[in-house]
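J.: I need the structure of the sequence given here:
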Amino acid sequence: MPDSFHSDVAHNELLMGKELTSRIAVSTLRLLLVGENEEDFHSLRNLLGQAEHQIVLEHAVSHEEAISLLSDKKYDLVLCDYKSGNGMALRLLHEMHKNESSVPVVFLSEHVDEQTVAAAIAAGAFACVPGAHLSEANVVRTICYAIDMYCKERQQQKAEEMLRKLWRAVEQSADLVVITDRSGVIEYVNPAFSTLTDYTAEEVIGKTLRLLKSPNQPAELYKKMWNTILGGKIFRGIVVNRKKNGENITVEKTITPLRDSDGQITHFISTDRDITERRRLEVELQQVQKMDAVGRLAGGVAHDFNNLLMVISAYAELMLETLEPDHRLRHNVEEIIKASGRAAELTRQLLAFGRKQRQALQILDLNMVVREMSRMLERLIGEDVALAFLPAPDLGRVKADTAQVEQILMNLVANARDAMPEGGTVTIETTNVRLDEAYVEQHSMVPAGDYVLLAVTDSGEGIARQHLAHIFEPFYTTKEKGKGTGLGLATVYGIVKQSGGFVWVYSEPKMGTTFKIYLPRVQKEADKPPVPEAGTKALQGRETVLLVEDETAVRMSVNEFLRLSGYTVLEAGSGEEALRVARDYPAAIDLMVTDVVMPQMSGASLAEQLAKERPAMKVLFVSGYAETTVARHGAINVTTRFLQKPFTLRTLAKKIWEVLHEEDVSAAAAVLP
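T.: Numbering: from 1, shown residues only. Modelled structure (predicted):
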């Protein structure tokens, strides 16, 4: 190598040696020399042995041996003999690249000129240095240079790779990412932004985020947002945005200020997570929980309320029996009875809403139910409203209470009539549907399966958006004062839910309303119509009745009525007292009428004990509680031997007669054609 090369770098050799020491501290450097000349290896090892830092040098005479050593050990640098016409150095680089080795390589050549250096670097080496006249400082400088260049090429490769990862992460993120300048002008949006909002990047870049502003979002939130981020703080909140088509979306937004090297805010980065579906489900869940709470309240107050109604209506009936047909007070008493009946109907609607009304379940053909009600519905809607029925052929069957289905139809058709003061059309439609997984994804509270759809559609004014979320709530009504209790749709909701179904409403102002009721389809034939009851002319009795009722006022009124009806009445205010009365009474007791829920001993427990002592005695259970509460107090037949409070005294007399003469009724039914 020319002396000029050495003179150019001689003044830096000592400095480079110290620089290497500072960079590698006291760690050991492991080097590999590749070349056929054994003397070069010994000479280089002697030079490195004089260095202040620890350097270990190993030798490979061929590129094959070098590759083997590189696979077994870790080296910091490879020094390879490079001779023109000898392909060992190039084959070594090729194999190292093939094996993805990251060890830097320096060529040692006898003839180092610009052409040689360029060829070495083009082949993949970090440098090409003279092999002759090597000194300790020269070798140290070469090692320092190679490792330094290697390290720099690697915080750059890693930095570039990290940038590529960050870019891919932002571009492929499911969350919306928006970068704006300090004034809110959009400079970047990721693909997720375009997917959700329907705006392309070209449509929004250069504009502000005001194009997403929704009228449903209070302005106070935007003010708070800007005050927060301009103050250098992170904003987090729930924001309602508007898509390109005007549809609202709800996002969980985080806006972070970006600062320059001087700490000044230059940009904002906004990340939005679409929670529209989650919010919809939360609203649905809150609605269900609210309705369940009101239902539980209704079931809880029903007992006391029904007992009060029983006392009012019972004494009114007893009074009516004593008045002459033309008595001046007769009309007043009749109005009391009517008012009690209306109050009782409100209680039944509340119980239906709370899914606590007693059901007489049957396998029903909804087409038949609608047809049988059609004439009544036509009278209900009046002459200026047309009724259309579109029954589906081969309609599946449902398991429901006929009276409750009729109640649903009455309430929906009545609401439809009220929505069309100028006249219109009510359409009742039935069809078989299968709700698949795609439907369930949009209505997560509905299990997939086979259903029968009952739809009621009107051509009326429609329901305003702000009312849709509340229409099934009890006592919520948009009608004028005195023209609705707000229980009609609440009753529909409760009945449908109690029947295992689901109800949805679709409406737009001036476009009419459709209620869709989905009831589970059952693979059974419809039940036959019930056998007519045997006629009874007189409900007077001569039997002995044990009346067990913990509410004194109810017990007194019923006792008086039963005595007037010809029965011998024994009374008790509790289960324990009833046991004593029954055991002390020497003659037969034909029937026990007992409340179900009583302190200390329930009606079911009382009946079970007396059944052992008086097996011939029949039992009629009564209660003001809901069916589910009654069921918790024992195995009670709520279909044939149960009477729900409040009931009229005539209804009680009829039920008592049926229970006492059920064998006669069954025999009569058996011979009917």
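J.: Not counting its neighbours along the chain, what's nearest residue 265?
T.: With sequence-adjacent residues excluded and distances taken as Cβ to Cβ, 6 or more residues apart in numbering, residue 265 is closest to residue 257, at 4.6 Å. In this view, the C-beta of every residue, glycine as well, is placed from N, C-alpha and C.
J.: To clarify, my last question referred to residue 571.
T.: residue 547 (4.7 Å).
J.: which residues touch the residue nearest to residue 265?
T.: By Cβ atoms under 8 Å, 6 or more residues apart in numbering, the contact set of residue 257 is 229, 232-234, 265, 267-268.
J.: Could you rerun that using 6 Å?
T.: Contacts for residue 257 (Cβ atoms under 6 Å, 6 or more residues apart in numbering) come out as 229, 232, 265, 268.
J.: ok, then the element right after the helix or strand where it lies?
T.: Using DSSP states H and E, residue 257 maps to strand 248-259. Note on strand 248-259: by DSSP H and E, the next helix or strand toward the C-terminus is strand 265-274.
J.: which parts of that following strand are buried?
T.: Neighbour-count burial for strand 265-274, counted by 16 or more other Cβ atoms under 10 Å, picks out 267-268, 270-272, 274.
J.: same check, this time on stretch 93-102
T.: In stretch 93-102, counting by 16+ other Cβ under 10 Å, buried: 93, 96, 101.
J.: Can you classify the last one by secondary structure?
T.: Here residue 101 is coil, with the state taken from DSSP: H, G, I helix; E, B strand; the rest coil.
J.: gap between it and residue 455?
T.: For residue 101, the distance to residue 455 equals 73 Å [Cβ to Cβ, to the nearest Å].
J.: The first one too?
T.: Residue 93 sits 77 Å away from residue 455, taking Cβ to Cβ as the criterion.
J.: One more: residue 423?
T.: Taking Cβ to Cβ, one finds residue 423 at 21 Å from residue 455.
J.: out of the two, which sits in the busier spot?
T.: A direct count of neighbours by other Cβ atoms under 10 Å for residue 423 and residue 455 places residue 455 higher, at 18 against 14.
J.: Look at that one and report its pLDDT.
T.: For residue 455, the model assigns a pLDDT of 91.
J.: Quick check: it touching residue 516?
T.: Yes. Counting by Cβ atoms under 6 Å, residue 516 is a contact partner of residue 455 at 5.0 Å.
J.: follow-up on the earlier one: mean confidence score for the strand holding residue 257?
T.: Averaging pLDDT along strand 248-259 gives 91.
J.: do stretch 642-660 as well
T.: For stretch 642-660, mean pLDDT is 85.
J.: got it, and stretch 230-241?
T.: When pLDDT is averaged along stretch 230-241, the result is 91.
J.: same question, stretch 550-569
T.: 90.
J.: Give the buried residues for that stretch.
T.: By neighbour count on 16+ other Cβ under 10 Å, the buried set for stretch 550-569 is 550-551, 554-559, 561-562, 565, 567-569.
J.: can you redo the residues you listed as a markdown table with distance to residue 186?
T.: Below are the buried residues of stretch 550-569 laid out as a markdown table (distance: Cβ to Cβ, whole Å):
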| residue | distance to residue 186 |
| --- | --- |
| 550 | 73 |
| 551 | 71 |
| 554 | 73 |
| 555 | 77 |
| 556 | 79 |
| 557 | 77 |
| 558 | 77 |
| 559 | 82 |
| 561 | 80 |
| 562 | 83 |
| 565 | 84 |
| 567 | 86 |
| 568 | 90 |
| 569 | 85 |
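J.: Pick out whichever of the residues you listed sits closest to residue 211.
T.: For the buried residues of stretch 550-569, the closest approach to residue 211 (Cβ to Cβ) belongs to residue 551, at 66.6 Å.
J.: What distance do you get for that closest one to residue 62?
T.: The separation that residue 551 has from residue 62, given Cβ to Cβ, amounts to 109 Å.
J.: Ok, residue 116 next?
T.: From residue 116 to residue 62 the distance is 22 Å (Cβ to Cβ).
J.: which one of those two has more residues nearby?
T.: In this view residue 116 and residue 62 are compared by other Cβ under 10 Å, and residue 116 has more residues nearby, 17 against 14.
J.: Kindly provide the distance from the more buried one to residue 602.
T.: As judged by Cβ to Cβ, residue 116 and residue 602 stand 107 Å apart.
J.: And for residue 89?
T.: Taking Cβ to Cβ as the measure, residue 89 falls 100 Å from residue 602.
J.: Settle it for me: which of these two has more neighbours?
T.: Ranked by neighbour count (other Cβ under 10 Å), residue 89 and residue 602 place residue 89 first, with 25 against 21.
J.: tell me the average confidence for the helix or strand hosting the more buried one?
T.: Residue 89 belongs to helix 88-98 when assigned by DSSP H and E. For helix 88-98, mean pLDDT is 85.
J.: for the stretch 301-450 of the chain, which spans come out with low pLDDT?
T.: 301-303, 345-360, 437-445 (pLDDT under 70).
J.: what's the burial count for residue 79?
T.: Counted with other Cβ under 10 Å, residues neighbouring residue 79 total 26.
J.: Give the other helices and strands that the helix or strand encompassing it contacts.
T.: Assessed by DSSP H and E, residue 79 sits inside strand 77-81. Identification of packing neighbours for strand 77-81 by 3 or more Cβ pairs under 6 Å, 6 or more residues apart in numbering; DSSP states H and E yields strand 29-34, strand 105-109.
J.: Alright, calling it a day.
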